[in-house]
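# This is the structure alone, sequence omitted:
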Ligand SMILES: Cc1cc2nc3c(=O)[nH]c(=O)nc-3n(C[C@H](O)[C@H](O)[C@H](O)COP(=O)(O)OP(=O)(O)OC[C@H]3O[C@@H](n4cnc5c(N)ncnc54)[C@H](O)[C@@H]3O)c2cc1C
């Protein structure tokens, strides 16, 4: 609507630009053109649908997540009511097409959901992120019609998803994985091996498992299988105890002769490496959103305390220039992280090459999250160091941003590869 109005303003300006001075008419025209282009002037502009998602999540996070954050962290367990709430509010199928019962919304909507959840609890945020931007995206993008018909509605309404790539022997070098898939007499595949560090593993019902069907072919044997929790031979061996995002489950999984029907191969045999790379490139934008949201959450709480609550030397601590300059600097860092995040998100959404931008967004957001969460603890003094305000939790939660979905070094490596190609004109 606004662009229609802007275009007619532009036409009106052009029409009225006949008499008087050329300078005036030029000014009018440029002013009207600025209005016409207003929809392209800020990367912070969102569609009505995206803003609706943002509002829904903010309300859900305040009403349902916030009261449970401390207890979930202490218990190192996700409250089932939170997961059910995400399903009930349509947050587990943000991009899922409407024919499967999803919202059919934009990638940026999914990113805003992750960011908004992280403002309140980065654990809940990563649960949502892995489910939406990795698992649902993989099934939607690579699944056969039969697989999509079978799993998309379930992922959208009742079953959490897990993405199982890492193993004890393979982290940054993900394709060195050792889990084997062997064809049996029926043409189905038998999985044997272990996965490590698997997010959502405890709550999930659907697991995307990467296994090698032909190790002699190296990464070209890697294949992605859809595994259900009930498949015999599948088990959770251990739940990790962690520094941060403690309510998010991170588990070791065992596969002992797990028979997976051949129909449950996601994409093509031997194309698992491509699925993993493409999904993780996109998933990194999700982690950037998690880290950006975390920084925003910590910042908002601590600045509110400094400007409105805490007085020392007869004035609010936020009145001191020493505090104000630190807060202003942090605000600039958050803004920079958000710009990189939304830029990567829009590029991906519009089909532009986005791998370098996604790596930059993830790298910067994880650095900003660590910096801001650390500062926020300091700004709240002793209160920040206690468990009362969850500031120390943001600080602990921030560290994971530099590790999962590609460590900081791996992001730098990705960015550097692009720089090299650009410099060499390739
Ligand atoms: C809480 C949590 C949740 C996770 N969730 C999932 C999940 O859902 N699914 C999944 O598949 N995986 C998951 N992971 C695994 C995660 O992606 C890996 O931990 C990560 O990729 C790093 O691998 P690694 O831990 O083996 O570290 P390593 O690869 O051993 O790296 C150790 C150090 O060496 C550096 N390094 C390694 N290679 C290079 C290099 N070439 N150049 C420079 N430096 C290098 C790294 O940057 C790092 O600092 C999760 C991990 C954690 C901790």
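Looks like it arrived, so ask away. As the structure is a prediction and not an experimental result, all values here were calculated from the model. Numbers count the residues shown, from 1 in each chain.
# what about residue 398, neighbour count?
By the criterion of other C-beta atoms under 10 Å, residue 398 has 29 neighbours. In short, each C-beta sits where N, CA and C put it, glycine included.
# Kindly apply the preceding question to residue 54 instead.
When neighbours are counted by other C-beta under 10 Å, residue 54 comes out with 16.
# which residues touch it?
46, 112, 113, 116 (C-beta atoms under 8 Å, 6 or more residues apart in numbering).
# Ranking by neighbours, what's the top pick from these?
Busiest of the contacts of residue 54 [other C-beta under 10 Å] is residue 113, holding 33 neighbours.
# still on that earlier bit, for residue 380, state which of the contacts of residue 54 is nearest.
Nearest to residue 380 among the contacts of residue 54: residue 116, at 22.4 Å, using C-beta to C-beta.
# Among the contacts of residue 54, which are located in helices?
Among these, DSSP state H puts 112, 113, 116 in helices.
# where does whichever residue of the stretch 251-400 of the chain sits closest to the ligand fall, phi/psi-wise?
Closest to the ligand within the stretch 251-400 of the chain is residue 400: 5.3 Å, counting by C-beta to the nearest ligand atom. Phi and psi for residue 400, reported as degrees, to the nearest 10, are phi -70, psi -20.
# Near it, how many other residues are there?
By other C-beta under 10 Å, 25 other residues sit near residue 400.
# so who does it touch?
Residues near residue 400 by C-beta under 8 Å, 6+ apart: 122, 126, 243, 244, 245.
# if we go to 10 Å?
Residue 400 is in contact with 122-123, 126, 199, 242-245, 248, 250, 287, 290-291, 294, 366, 369, counting by C-beta atoms under 10 Å, 6 or more residues apart in numbering.
# Out of these, which end up buried?
Neighbour counting with 16 or more other C-beta atoms under 10 Å marks 122-123, 126, 199, 242, 244-245, 248, 250, 287, 290-291, 294, 366, 369 as buried within these.
# Report the mean per-residue pLDDT for the host helix or strand of residue 54.
Under the criterion of DSSP states H and E, residue 54 resides in helix 48-60. On average, the pLDDT along helix 48-60 is 94.
# just checking, what packs against the next helix or strand after it?
Moving toward the C-terminus from helix 48-60, the first helix or strand encountered (DSSP H and E) is helix 69-75. Using 3 or more C-beta pairs under 10 Å, 6 or more residues apart in numbering; DSSP states H and E, the elements in contact with helix 69-75 are helix 122-129, helix 391-398.
# In the stretch 301-426 of the chain, where is pLDDT below threshold?
Counting by pLDDT under 70, the stretch 301-426 of the chain shows no low-confidence range.
# what does the protein have sitting close to the ligand?
Contact residues (C-beta under 6 Å from any ligand atom) of the chain with the ligand: 130, 163-166, 171-172, 197-199, 242, 250, 400, 403-405, 407, 409-410, 413.
# now residue 243, nearest residue through space, not along the chain?
residue 396 (5.3 Å; C-beta to C-beta, 6 or more residues apart in numbering).
# list the contacts for the one you found?
Going by C-beta under 10 Å, 6+ apart, residue 396 touches 73, 122, 242, 243, 244, 245, 246, 373.
# now those residues as CSV including secondary structure?
As requested, the contacts of residue 396 are exported to CSV (DSSP: H, G, I helix; E, B strand; the rest coil):
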residue, secondary structure
73, helix
122, helix
242, coil
243, coil
244, coil
245, coil
246, coil
373, helix
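# Name the nearest of those residues relative to residue 144.
Of all these, residue 144 sits closest to residue 245, with 33.5 Å by C-beta to C-beta.
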